[in-house]
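Student: Fold the stuff below for me.
(chains A and B)
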Amino acid sequence: MIDRRGRSAWMLLFVVPVLFLVALLIGRFGLRIGDAFRALFGVGEVDDVVRALVLRVRLPRALAAVCIGANLAVVGAAFQGLFRNPLVDSRILGVSSGAAFGAALALLLSAGTFGLQASAFLFALVAVGFVLLIGLRFGTAPLILVVGGILVSAFFNALLGLVKYVADPLSSLPAITYWLLGGLSDARWATVLPLLGITVAGLAFFLAIRWRLNVLTLGENEAASLGVRVSGLRTAVLCVGTLMIASSVAVGGIIGWIGLVVPHLARAWVGPDHGRLLPTALGLGAVTLLILDGVARTALPSEIPLGVLTGLFGAPAFLLLLLRFLRSRGETR
Amino acid sequence: MKYTAALAVVIVAGLSGAAFAEPSVEILDQAGAILEVDQPVERIASVYGLGTYYLYALGVSDRLVGAGYVGVKSVAQASETMRRLEPRLEELFLFGDPNVEEILRRDPQLVLADGSRHAAFSAQMNDLGIPTIQYLVESSDALLEAMRMTGLALGPDALDRAEAFVREFERIRTTIAEAVARLDEADCVRVLFLGTAPLQAATGEMFQTELIEAAGGRSVSAGLIGYWSEVNLEQILLWNPDVIVIPPYGPVQPADLLEDPDWASIGAVQVGRVHRMPRLMAPMDTPVPESLLGILWLSSVFYPDLVSLDLRAEADRFYERFYGLTLTEQELDRLTAR
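Tutor: As a prediction, the model looks like this:
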């Protein structure tokens, strides 16, 4: 039973490229499928507009959706295991509060798209850096890190509030508000390529150590008795995960729920073993964000904020999972 | 809103004949509140950054005791032209959400406030016995109504200037409307008005869209609702506008789009018709008196030879007459740049 589920979960990784291709074909600008493929593979005659649309607009955006969806879900799953807490998501260490402040500051100073994403990335790392410093001083036990994350988030939220307060209501304030809702309309090659690099390296790291993550969920003493150096592995997971989330938030803004709900969906599907859980979360995260971003950019002439869609999808999905969990517990009782 | 506007006009019309013999005038503001304003008003505070400019146009800026200015976040940031307009800028300058005690300290007899953001503040000021006018100006008709209402509250000279401004606005608007009426629909330029980011568009509910229509253009994003709307490059490719206009604030410059390969297949970029609106003081795409120059500038960008009005001469005249400022040649150059 589990094996069949495991296999079907691996199949998911083949669904991602298929959906990816579909994402390149759909959009508000009507395209003939043949034209889209000719533009994509550089064969035959294609109109310049079509080529620009497929290669410069849809391709980087679809790549960003895959990367961000996979990152949020995989890191969320890993952090839930590491903190031994099912309500943790990938932003537990204050990543998004730091990034939000960095982005808002860049918008306030009119720094342009690249400056914005660089500033968001930088402050995301600064925020988590503070949490890790707290961990260095008081120990990296999950509770210390969670409290550190709450404190640092609160601090950066206050700074964000200050930036919003002084922002020009005519220009920068709406831009900050929109950025905080998340979206991929700014996904361009210049910023998607660094994201792609970090994502590939980060996912490779997580897939390589996924079996060892199981040990972390056992708790300090049990893991040590199995001969695993807990604190080294934990620090590596935290640092790599933070890089992946910071680069994702820098490009896509605050996209909630994916890092919380998708790992649970994956767990409900293949069970808690990280060997199976991480690849499943990866595929599910990528698929979910590809679909939701497809809606965000296609449904209306204006962009629908992606954070709004992930919330509309995430909250009911979480409720269903919770009901399922309660029911299963009722049955076993 | 429609109803309020109509009622305000009725009261303005009813009172304008006899009001100034009385010790006070009664006005209905754009938020629907009836205010009793004792005459004469010698001390005015404006926390409505657009409305501050109404006071300059009405020639009563010497009565200001505190003022916010749209788009100006600090005195250091104010343009040289603005410092010439208001030598007392340092003393008057207010920024951010109004502080009731700070306003009280300045002891105004009348306060101008933004009806969409300052409702609670206005209620508090009115309770304290200081009449506070709330403005809701999202169209040029509402601008004209706001100018008349402000003039009425400030005495016969101010009201005369308000009427003069309304006539001036109507003259320019009508002249342009008559000229562009001769265009075939197919010859009307299709315009995208961007926000402070390249992927932000002005919606159909915004003042900018009305200015585009008044200048004979067709806004491609008129179907959008709300305030500045995020769009994506694909939607802009689909609209394929003939002209792209960048507002006079925010970081976007024409070169950003003209040199960006991602934008290269858009019609306006291919023919180089990407223009940033010029700015001397208040942005001309907002409901301030100089928005009449905004319409004229837009029409000169859309149809360089169609409208008989000369932007340079009109701008010179407007600033002289309503703001009491003689513009330098450089300022006129800047204002007429496309």
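Student: Find the nearest non-adjacent residue to the closest residue to chain B within the stretch 101-250 of chain A, please.
Tutor: Closest contact between the stretch 101-250 of chain A and chain B, by CB to the nearest CB, is at A:S110 (3.6 Å). Any C-beta I mention is one placed from the backbone N, CA and C, and that applies to glycine too. Spatial nearest neighbour of A:S110, excluding adjacent residues (CB to CB, 6 or more residues apart in numbering or on different chains): B:P251 at 3.6 Å.
Student: number of nearby residues for the one you found?
Tutor: 19 (other CB atoms under 10 Å in any protein chain shown).
Student: check contacts around it.
Tutor: A:110-112, B:196 (CB atoms under 8 Å, 6 or more residues apart in numbering or on different chains).
Student: and these, which two are the farthest apart?
Tutor: A:A111 and B:T196 (11.9 Å; CB to CB).
Student: Counting neighbours, go ahead and name the busier of these two.
Tutor: Looking at A:A111 and B:T196 with other CB under 10 Å, you find the greater number of neighbours at B:T196, namely 21 against 17.
Student: Test my guess that that one contacts B:D256.
Tutor: No. Counting by CB atoms under 8 Å, B:T196 stays clear of B:D256, with 12.0 Å between them.
Student: Point out where the stretch 1-150 of chain A drops to low pLDDT.
Tutor: Along the stretch 1-150 of chain A, segments meeting pLDDT under 70 span A:1-6.
Student: re the thing from before, which SS class is the residue of the stretch 101-250 of chain A closest to chain B?
Tutor: Of the three states, A:S110 takes coil under DSSP: H, G, I helix; E, B strand; the rest coil.
Student: what residues are up against it?
Tutor: Neighbouring residues of A:S110 by CB under 8 Å, 6+ apart: A:172, B:196, B:250-251.
Student: mind checking the backbone torsions on it?
Tutor: phi 50, psi 60 (degrees, to the nearest 10).
Student: Next: B:L280.
Tutor: phi -110, psi -50.
Student: for the one 3 residues further on, same thing?
Tutor: With angles defined as degrees, to the nearest 10, B:P283 shows backbone torsions of phi -60, psi 130.
Student: what does A:A78 give?
Tutor: The phi/psi pair for A:A78 (degrees, to the nearest 10) is phi -70, psi -40.
Student: Cross-check the contact I'm expecting between it and A:F206.
Tutor: Yes. Using CB under 8 Å, A:A78 is in contact with A:F206, at 6.1 Å.
Student: of all the residues in the stretch 101-250 of chain A, which ones are close to chain B?
Tutor: Neighbours of chain B within the stretch 101-250 of chain A, by CB under 8 Å from any CB of the partner chain: A:110-113, A:165-166, A:168-172, A:174-175, A:178, A:183, A:185-186, A:188.
Student: Please flag which of the contacts of A:S110 sit within helices.
Tutor: Using DSSP state H, the subset of the contacts of A:S110 located in helices is A:S172.
Student: From the contacts of A:S110, pick the one nearest A:E222.
Tutor: For these, the nearest to A:E222 is A:S172 (50.9 Å; CB to CB).
Student: is it true that the closest one touches A:A111?
Tutor: No. Using CB under 8 Å, A:S172 makes no contact with A:A111, being 10.6 Å away.
Student: quick one, strands of the stretch 151-300 of chain B?
Tutor: Secondary structure of the stretch 151-300 of chain B by DSSP state E, counting those that start in this stretch: the strands cover B:190-193, B:200-201, B:218-219, B:229-230, B:243-246, B:274-276.
Student: Let me see the contact set for the residue located most distally from the centre of chain B.
Tutor: For chain B, the C-alpha farthest from the mean C-alpha position belongs to B:P261; by CA atoms, centre = their mean, that distance is 34.3 Å. Contact partners of B:P261, counting by CB under 8 Å, 6+ apart, are A:52, A:56.
Student: Retrieve the pLDDT associated with it.
Tutor: If you check B:P261, the pLDDT there is 90.
Student: can you put the contacts of B:P251 in JSON lines and add distance to B:I236?
Tutor: Listed next are those as JSON lines, based on distance: CB to CB, whole Å:
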{"residue": "A:S110", "distance to B:I236": "21"}
{"residue": "A:A111", "distance to B:I236": "22"}
{"residue": "A:G112", "distance to B:I236": "18"}
{"residue": "B:T196", "distance to B:I236": "16"}
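Student: any low-confidence regions in the stretch 201-333 of chain A?
Tutor: Along the stretch 201-333 of chain A, segments meeting pLDDT under 70 span A:331-333.
Student: mind redoing it with 50?
Tutor: Where the stretch 201-333 of chain A drops to pLDDT under 50, the residues are A:332-333.
Student: How about chain B?
Tutor: B:1-3, B:5-10, B:12-14, B:17-20.
Student: Residue numbers of it in contact with chain A?
Tutor: B:70-71, B:73, B:96-97, B:117, B:195-197, B:199-201, B:203, B:221, B:223-224, B:227-235, B:237-238, B:247, B:249-251, B:256, B:261-262, B:264-265, B:283, B:286.
Student: If any of those residues are buried, give me the ChimeraX selection for them.
Tutor: The following ChimeraX line selects those of the residues of chain B next to chain A that are buried, judged by 16 or more other CB atoms under 10 Å in any protein chain shown:
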select /B:70,71,195,196,197,199,200,201,203,221,224,228,229,230,231,232,233,234,235,237,238,247,249,250,251,256,262,265,283,286
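Student: For chain B, which helix extends over the most residues?
Tutor: Max-length helix for chain B by DSSP H is helix B:156-181.
Student: and that helix, what does it pack onto?
Tutor: Using 3 or more CB pairs under 8 Å, 6 or more residues apart in numbering or on different chains; DSSP states H and E, the elements in contact with helix B:156-181 are helix B:140-154, helix B:207-214, helix B:291-302, helix B:311-323.
Student: what is the orientation angle of the shortest one with helix B:140-154?
Tutor: Comparing the axes of helix B:207-214 and helix B:140-154 via axes from the mean of the first three to the mean of the last three CA atoms, to 10 degrees yields an angle of 110 degrees.
Student: Could you pull up the contacting residues of residue 166?
Tutor: The chain I'm using is chain A. By CB under 8 Å, 6+ apart, the residues touching A:V166 are A:108, B:73, B:96.
Student: that's the other chain; I wanted chain B
Tutor: B:144, B:147-148.
Student: need the contact list for B:R63.
Tutor: B:R63 neighbours (CB under 8 Å, 6+ apart): B:41-44, B:55, B:154.
Student: mind redoing it with 7 Å?
Tutor: B:41-44 (CB atoms under 7 Å, 6 or more residues apart in numbering or on different chains).
Student: Restricted to strands, list these.
Tutor: Under the assignment DSSP state E, the contacts of B:R63 contribute B:I44 to strands.
Student: which among the contacts of B:R63 end up buried?
Tutor: Among those, the ones that count as buried (16+ other CB under 10 Å) are B:41, B:44.
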